[in-house]
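**Q** All I have is the shape, not the residue letters:
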């Protein structure tokens, strides 16, 4: 199975079983899913999240509760610029309510270079993950294929997105996977 075929299979399954939530259909996205809030809560209770001071997070809807928790707790949030690939914005002392849309980060964030910004955690969406911590994303956008960040990587996944083993070559490895039912740590 190719990576593209695996993505389509996961997107179709989430859609057919009504497990995907806004934005729908899930195709072309790191899907937001039923139970994502519960998965986020599990991740927020873990030491890597609690101890992180600066967090890099993707713009996906599924990660919104995590981004809001980062800002509410006074941590620094770094996000990819929505219009400029390879550029990042730092948000500190920003009330989450001011960020109604991802695009609002351009108003409140200040440009930073990742190589000059110590990061403690990376939050990414996914299309599929496995119990060996292999990760497959949506195929474009954030995170870039070879993003050189040494901090732990964490993702949220619906149980239908978590496989024993991926049927395609993983694009990268992650360190933490939170589902509504369980947490896996590498």
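**A** Received the coordinates, thanks. In this text the structure is predicted, and so the values were computed from the model without any measurement.
**Q** From here on, just use CA atoms for contacts and neighbour counts.
**A** OK.
**Q** Now stretch 175-186: buried residues?
**A** By 16 or more other C-alpha atoms under 10 Å, the buried positions in stretch 175-186 come out as 175-180.
**Q** Actually, stretch 16-35.
**A** Within stretch 16-35, the residues scored as buried using 16+ other C-alpha under 10 Å are 19-21, 24-27, 29-35.
**Q** do the same with stretch 3-20
**A** 3, 6-15, 19-20.
**Q** again with stretch 135-152
**A** 135-139, 142-143, 151-152.
**Q** Name the nearest of these relative to residue 94.
**A** Nearest to residue 94 among the buried residues of stretch 135-152 is residue 142, at 22.0 Å by C-alpha to C-alpha.
**Q** ok, so what distance separates the closest one from residue 112?
**A** Applying C-alpha to C-alpha, to the nearest Å, the value for residue 142 to residue 112 is 16 Å.
**Q** Run the chain-centre distance for the biggest helix by length in the chain.
**A** Looking across the chain with DSSP state H, the single longest helix is helix 3-16. The chain centroid and the centroid of helix 3-16 are separated by 18 Å under C-alpha atoms, centre = their mean, to the nearest Å.
**Q** what's the closest of the buried residues of stretch 16-35 to residue 63?
**A** Distances from residue 63 to those, taken by C-alpha to C-alpha, are shortest for residue 32, at 8.2 Å.
**Q** sec struct for the nearest residue to that closest one once chain neighbours are set aside, please.
**A** Counting by C-alpha to C-alpha, 6 or more residues apart in numbering, residue 62 is the residue found nearest to residue 32 once chain neighbours are left out, at 4.4 Å. Classification of residue 62 by DSSP: H, G, I helix; E, B strand; the rest coil places it in helix.
**Q** what does residue 148 give?
**A** Assignment for residue 148 (three-state DSSP): coil.
**Q** Please report how far it lies from residue 185.
**A** Remark: distance between residue 148 and residue 185 (C-alpha to C-alpha) = 21 Å.
**Q** which residues does the residue positioned nearest the centre of the chain form a beta bridge with?
**A** Centre of the chain computed as the mean C-alpha position; nearest residue by C-alpha atoms, centre = their mean is residue 124, 2.1 Å away. Note on residue 124: beta-bridge partners residue 155, judged by DSSP bridges.
**Q** Quick one: residues contacting it.
**A** 57-58, 60, 63, 142-143, 153-156 (C-alpha atoms under 8 Å, 6 or more residues apart in numbering).
**Q** Most neighbours among those, please name it.
**A** Compared across the contacts of residue 124, residue 156 has the highest neighbour count, 35 neighbours, by other C-alpha atoms under 10 Å.
**Q** That'll do, ta.
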